[in-house]
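Trainee: Sequence first, then the predicted structure, then my questions.
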Amino acid sequence: MRPYNPPAYTNSAVIYQVNLRAFTNEGTLSAAAKLLPHIKSIGADIAYLCPNFVHDDDETRDGWSARQKASGLNNPKNPYRMKDYFHTDSEYGSDDDLRAFIDAAHKLGLRVMLDLVYFHCGPTAVFLEGHPDFIVRNEDGTPALGEWCFPKLNYNNPALCEYMWSNMEYYVREFDVDGYRCDVGDAVPLAFWEEGRRRIDAIKPDLLMLNEGTRKDFIGVFDLNYDFGFSGAMVKVLRDGQPASTLAEYREKFQSERLGEGMSILCFENHDIASDAYDNRLEKALGSDAVDIMLLLMYTLKGVPMLYNGNEVCDSRRHSIWGNRFHGANLTIDWQNALTERGQARMDYLRKLADIHKTIPAVRDGSMKFLVSDGASVIAYERETDGQRVICAANMSGGAVACAIDAAVTEGVPLLSRGAAWSLDGELRLSLEPYGFAVLEVK
């Protein structure tokens, strides 16, 4: 088992997920490359691309997932149903456009992660004619389908493993990518990932590997896992009025049971959540002030924050991973929001959060401990390292609250606050306006 030894930049990383179909009106790599300076400007340092490889265009609806059909967009090309792993889909441009995107990102000091879809492939994948045994088959020879109706790749076949390892190596060696997000990583054998990681580390040692999964035994091969329940746990407090302590309890349990010494990404939206929301994105459903609280938690809890397409401009427009310039006009980020007062305020807020996340040692590298508050809607926690203590407290409700935090505190300097007043006299007492918060360096 590979020991847990993530790249040195992991603790301070901020990931920005680029869903090419929704990121620009053109939906191309060339158009997205023009916005890389914007991604850099809000404090992100890793651009993660949704799958850019050739999508299977088979129109037989028996091979479409239920979500694909329910989208109503009639697009046969699911970005998570691969036809050719070694080339860029013409919808997004060319292999040269991918290389130019990565080169442009590197010139700005941004890293680029690609999205590997290795659990399944499309029904007309280019290798199937020559290698029918690259997929799992039923006794009658028909493809064995996975959860989303796509053929499952056959990892009992050494030739298939070699093919996929060579794919991992190809984009590191030929395109200089900086890591991979691995779709449904838990469903692919650990032994495959171990060997794949060994091979790509030999080419480029500081790659970041993100597992779209939660298996604790995968930590080590992967530097980060997902936390699928984090967004939902926050929503239950912010929208449904559950006590903030339930979020703390959830996160403590998840860290213990699923991560151990490792970390997860922290996000409130991604391409799946945004697609499933249809016309009720969280920015619209909860309001921007509540989203600001979710962002605060993402950047100050233990983990790596991941922004999704347009979070930084308070985007609330419908997105869909099946929506592109050919299917579903205007299912893209509403970039006009960047010119509004609220959009400008959100981007400035994210820059401040990124600065705290990257430069405050206790937040970047410190231990993590939730604190008890007598305010039911208030979540509070402490980060500490090398004698530096930082306490974060946030009101996760639309009503004002006064509370005491169970922490011995005599001095405090604000790092960031909004709608908050506090007193320090051996204990920390706070008065928080609706969705108010304080991040304090304390003694």
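Mentor: Cool, got the structure. Keep in mind that what you see is a predicted model, and the values were worked out from it rather than measured.
Trainee: residue nearest the centroid of this protein?
Mentor: residue 306 (4.2 Å; C-alpha atoms, centre = their mean).
Trainee: ok, now how distant is that residue from residue 12?
Mentor: 14 Å (C-beta to C-beta, to the nearest Å). C-beta coordinates here come from the backbone N, C-alpha and C atoms, glycine included.
Trainee: Which phi and psi values does residue 436 adopt?
Mentor: Backbone torsions of residue 436, given as degrees, to the nearest 10, read phi -80, psi 160.
Trainee: on that earlier part again, can you name the helix or strand that the residue nearest to the centre of the chain falls in?
Mentor: Assigned by DSSP states H and E, residue 306 belongs to strand 304-308.
Trainee: hang on, isn't residue 389 packed against residue 383?
Mentor: Yes: applying C-beta atoms under 8 Å, one finds residue 389 in contact with residue 383, separated by 7.5 Å.
Trainee: Provide a list of residues in contact with residue 339.
Mentor: With C-beta atoms under 8 Å, 6 or more residues apart in numbering as the criterion, no residue contacts residue 339.
Trainee: rewinding a little: residue 389 and residue 383: which is more packed in?
Mentor: Each of residue 389 and residue 383 has its neighbours counted (other C-beta atoms under 10 Å); residue 383 has more, 24 against 19.
Trainee: wait, is the more buried one part of a strand?
Mentor: Yes: judged by DSSP: H, G, I helix; E, B strand; the rest coil, residue 383 forms part of a strand.
Trainee: burial count for the nearest residue to it once chain neighbours are set aside?
Mentor: Nearest non-adjacent residue to residue 383, counting by C-beta to C-beta, 6 or more residues apart in numbering: residue 366, 3.9 Å away. Neighbours of residue 366 under the rule other C-beta under 10 Å: 19.
Trainee: swap in residue 90?
Mentor: 11.
Trainee: On the three-state scheme, it is what?
Mentor: Going by three-state DSSP: residue 90 is coil.
Trainee: dump the residue contacts of it.
Mentor: By C-beta under 8 Å, 6+ apart, the residues touching residue 90 are residue 54.
Trainee: please redo it, this time with the cut-off set to 10 Å
Mentor: 28, 54-55, 97 (C-beta atoms under 10 Å, 6 or more residues apart in numbering).
Trainee: which of those residues tops the neighbour count?
Mentor: residue 55 (23 neighbours).
Trainee: Please name the nearest non-neighbouring residue to that one.
Mentor: residue 77 is the one closest to residue 55 (C-beta to C-beta, 6+ apart), at 4.0 Å.
Trainee: secondary structure element for the one you found?
Mentor: Judged by DSSP H and E, residue 77 forms part of no helix or strand.
Trainee: How many neighbouring residues does it have?
Mentor: For residue 77, using other C-beta under 10 Å, the count is 22.
Trainee: State the distance from it to residue 234.
Mentor: As judged by C-beta to C-beta, residue 77 and residue 234 stand 33 Å apart.
Trainee: Ok, residue 82 next?
Mentor: In terms of C-beta to C-beta, residue 82 sits 32 Å off from residue 234.
Trainee: picking up where we left off before, surely the residue nearest to residue 383 meets residue 391?
Mentor: No: assessed by C-beta atoms under 10 Å, residue 366 is found out of contact with residue 391, at 11.3 Å.
Trainee: residue ranges of the strands in the stretch 151-300 of the chain, please?
Mentor: Here the stretch 151-300 of the chain has its strands, by DSSP state E, counting those that start in this stretch, at 179-183, 208-211, 224-225, 263-266.
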